[in-house]
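**Student:** From the sequence below, what's the structure:
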Amino acid sequence: MLVLFILAALAYGAATFAYGTRSIERDGDEDTGPFRYARLLLAVAAALHVFAIGAQCVQGDHPLKNIYLATSFGTLIAVGGYLGLARRGKGLDALGSVLAPVGLVGLALGVVFSDVVVTTTLSGGGKQLGSAHVGLASAGLAGFTLASGVAGLYLGMERRLRRKMYRPGRGGLSLQGLDRLHHRLVLLVTPIFTLAIVTGVLWTVEGGGMEQLRGRLFEVAAAVVAWLTSVSLLVSRAIWGTRGRRSAWLTLTAFAAILLIVVWYGVRS
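**Tutor:** Modelled structure (predicted):
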């Protein structure tokens, strides 16, 4: 297990460095220097991350055990999702420079805090609800990470275009392409996050009643903010055609609320 963790961490670190060299490489259509191996290194890191989680599961530290292991699993899903999306072209390369360190942080949290035990233990239907909630929440975290990353790329590209600082390269995504990809990601992740909220509320109520739910008002409020923001994004786009900067900022707001939930869970654990 320790060997897998070290190898995965080194691969994530190498991928982070390789993606970071993009800013100092010479301009041109051909990838040069360490950057040409960045995506391969990230794929190797993700594969090692999978084996590390598998080794933890053998030891009883599965992704549903605590928030840290679930976060590790969620970041792995986000990295895997990025690798799948990155095959569409070079327009998402900048997102790799973010996902590589995010994967490393998730891996480290899952290993360092693998022994933390959730204070609420349930059995029967409650256990099934808890497992469903953690799994859906991990997928929701991964989806919103990707969506917010694409939204950030859109805002950055749009700002550079307005200042006439951006020169499109061969194989890159246009603003319209980034906006379309961003919308599809939000459209996919919002139902997943909705189910995560529903199962989480049911799990909490079944475990301790309404009194237990009142003790988690912060998490509930943050989840409602994230849900309302993502739903308003989809509704406004469907009815009024809202897109672009406003949609990107709504997604970043939802992601910030989700991060607050993850941090709050970590502090309470």
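
**Student:** What is the three-state secondary structure of R243?
**Tutor:** Assigned with DSSP: H, G, I helix; E, B strand; the rest coil, R243 falls in the coil class.

**Student:** just checking, it touches Q176?
**Tutor:** No: using CB atoms under 8 Å, R243 is not in contact with Q176; the gap is 9.1 Å. Every residue, glycine included, has its C-beta placed from N, CA and C.

**Student:** Which of these two has more residues huddled nearby?
**Tutor:** R243 (18 against 11; other CB atoms under 10 Å).

**Student:** Please name the residues that touch the nearest residue to A55 once chain neighbours are set aside.
**Tutor:** Closest residue to A55 apart from its sequence neighbours, by CB to CB, 6 or more residues apart in numbering: M1 at 4.4 Å. Shown in contact with M1 (CB atoms under 8 Å, 6 or more residues apart in numbering): A52, A55, Q56, Q59, V111.

**Student:** can we see that at 10 Å?
**Tutor:** Neighbour list for M1: F51, A52, G54, A55, Q56, V58, Q59, D61, V111, S114 [criterion: CB atoms under 10 Å, 6 or more residues apart in numbering].

**Student:** are any of these buried, and which?
**Tutor:** A52, Q56, D61, V111, S114 (16 or more other CB atoms under 10 Å).

**Student:** which SSE is K127 in?
**Tutor:** helix 125-162 (DSSP states H and E).

**Student:** same question for that helix, mean pLDDT?
**Tutor:** Averaged across helix 125-162, pLDDT comes to 87.

**Student:** repeat for stretch 34-52
**Tutor:** Mean predicted lDDT for stretch 34-52 stands at 92.

**Student:** Kindly export it (C-alpha atoms) in PDB.
**Tutor:** Extracted in PDB, the C-alpha atoms of stretch 34-52 (Å, rounded to 0.1, in the frame of the first residue of the first chain):
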ATOM      1  CA  PRO A  34       8.100  17.700 -20.600                       C
ATOM      2  CA  PHE A  35       4.600  18.900 -21.500                       C
ATOM      3  CA  ARG A  36       4.300  16.300 -24.200                       C
ATOM      4  CA  TYR A  37       4.200  13.600 -21.500                       C
ATOM      5  CA  ALA A  38       1.900  15.400 -19.100                       C
ATOM      6  CA  ARG A  39      -1.300  13.500 -20.100                       C
ATOM      7  CA  LEU A  40       0.500  10.200 -20.000                       C
ATOM      8  CA  LEU A  41       1.900  10.900 -16.600                       C
ATOM      9  CA  LEU A  42      -1.500  11.800 -15.300                       C
ATOM     10  CA  ALA A  43      -3.000   8.600 -16.700                       C
ATOM     11  CA  VAL A  44      -0.300   6.600 -15.000                       C
ATOM     12  CA  ALA A  45      -1.000   8.500 -11.700                       C
ATOM     13  CA  ALA A  46      -4.700   7.800 -12.000                       C
ATOM     14  CA  ALA A  47      -4.000   4.100 -12.600                       C
ATOM     15  CA  LEU A  48      -1.800   3.900  -9.600                       C
ATOM     16  CA  HIS A  49      -4.400   5.800  -7.600                       C
ATOM     17  CA  VAL A  50      -6.900   3.100  -8.600                       C
ATOM     18  CA  PHE A  51      -4.600   0.300  -7.300                       C
ATOM     19  CA  ALA A  52      -4.000   2.300  -4.100                       C
END
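
**Student:** ok so, going back, quick check: which helices or strands does the helix holding K127 pack against?
**Tutor:** Secondary-structure packing of helix 125-162 (3 or more CB pairs under 10 Å, 6 or more residues apart in numbering; DSSP states H and E): helix 67-85, helix 93-112, helix 175-214, helix 217-240, helix 245-268.

**Student:** Out of the ones you listed, which one sits most buried?
**Tutor:** Using mean count of other CB atoms under 10 Å, the stretch among the helices and strands packed on helix 125-162 with the largest mean neighbour count is helix 67-85, at a mean of 23.

**Student:** so what does that one touch, helix or strand wise?
**Tutor:** Packing partners of helix 67-85 (3+ CB pairs under 10 Å, 6+ apart): helix 2-20, helix 38-58, helix 93-112, helix 125-162, helix 175-214, helix 245-268.
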